[in-house]
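Undergrad: Can you look at this prediction? I've put the sequence above it.
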Amino acid sequence: MDSEIEKGVTALREGKIIAFPTETSYGLACDPFNEKAIKKLHEMKKEHYDKPVLLIVASKQMIDELADLGENGLKLVEKFMPGPLTLIAKKKKSVPDFLSKEKVGFRISSNEIANQLSRKFGKPITATSANLHGKKPAFSGEEVKKYFGEEILLIDAGTLPKAEPSTVYDLEENKIVRKGKISEKEIQKALEK
């Protein structure tokens, strides 16, 4: 798998899009700081250009480069990451507007391949689901190929167990914006500590 991850990192550096497994479903990764790659990603998914793209980061240090977590964010990162919780926070100037305007969404993935990709790439990667806009996420390499053919590099980990998407929690608004594996109750409990 190491050589596949290396190939994936090379493709990311070249501005290409790759499909990879996460703890929820297959995702599409590109360099979030490469405007051409982000445009291509939206085109491939047949979605609007200003749709914000969530990121996978390898560490707390990478999060600090993207956003100010504040006390609540820190508590949630410590409790649930790596794992299926995506946090949305006010972005720092280092995050380009073509990626998202005011806020940025990110998580540390508990999937080893997703985590290694970001770590070896040395920066965040996009983590939008590997599907066409409005269609079901892909849980196998075959499904990824049905959506995108051979036009992207696929890191194939076989069929993934069907899982709920990550819970998306907005730190600015203190609310869940997408229900997922981690419940509101669990989040509130972590914040009360």
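TA: Cool, got the structure. Numbering: from 1, shown residues only.

Undergrad: Look up the closest residue to the residue nearest the centre of the chain, ignoring the ones flanking it.
TA: Centrality entry for the chain: nearest residue to the mean C-alpha point is Ala127, 2.6 Å, by Cα atoms, centre = their mean. Of all residues not flanking Ala127 in the chain, Ile56 sits nearest, at 4.2 Å (Cβ to Cβ, 6 or more residues apart in numbering). C-betas here are computed from N, CA, C, even on glycine.

Undergrad: Which residues does that neighbour form beta bridges with?
TA: Counting by DSSP bridges, Ile56 forms beta bridges with Arg107, Ile125.

Undergrad: Run a quick neighbour tally on it.
TA: Other residues within reach of Ile56, judged by other Cβ atoms under 10 Å, total 28.

Undergrad: how far away is it from Leu12?
TA: For Ile56, the distance to Leu12 equals 12 Å [Cβ to Cβ, to the nearest Å].

Undergrad: anything in contact with each of those two?
TA: When Cβ atoms under 8 Å, 6 or more residues apart in numbering defines a contact, the residues bordering Ile56 and Leu12 alike are 29, 117, 125.

Undergrad: Just list the residues touching the residue nearest to the centre of the chain, thanks.
TA: Applying Cβ under 8 Å, 6+ apart, the residues near Ala127 are 22, 27-29, 53-56, 107, 109, 114.

Undergrad: now these as CSV including secondary structure and distance to Lys90?
TA: Listed next are the contacts of Ala127 as CSV, based on DSSP: H, G, I helix; E, B strand; the rest coil; distance: Cβ to Cβ, whole Å:
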residue, secondary structure, distance to Lys90
Thr22, coil, 24
Gly27, strand, 24
Leu28, strand, 25
Ala29, strand, 24
Val53, coil, 17
Leu54, coil, 15
Leu55, strand, 15
Ile56, strand, 19
Arg107, strand, 17
Ser109, coil, 22
Ala114, helix, 24
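
Undergrad: Can you pull out the low-pLDDT segments for this protein?
TA: 1 (pLDDT under 70).

Undergrad: which stretches of it form strands?
TA: Using DSSP state E, the strands of the chain run over 18-21, 26-29, 55-57, 85-90, 103-108, 125-126, 128-129, 153-154, 167-170, 175-178.

Undergrad: Same list, these, but as a markdown table with distance to Lys45 please.
TA: A markdown table is the format used below for the strands of the chain (distance: least, Cβ to Cβ, whole Å):
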| stretch | distance to Lys45 |
| --- | --- |
| strand 18-21 | 12 |
| strand 26-29 | 7 |
| strand 55-57 | 16 |
| strand 85-90 | 17 |
| strand 103-108 | 16 |
| strand 125-126 | 11 |
| strand 128-129 | 7 |
| strand 153-154 | 15 |
| strand 167-170 | 17 |
| strand 175-178 | 17 |
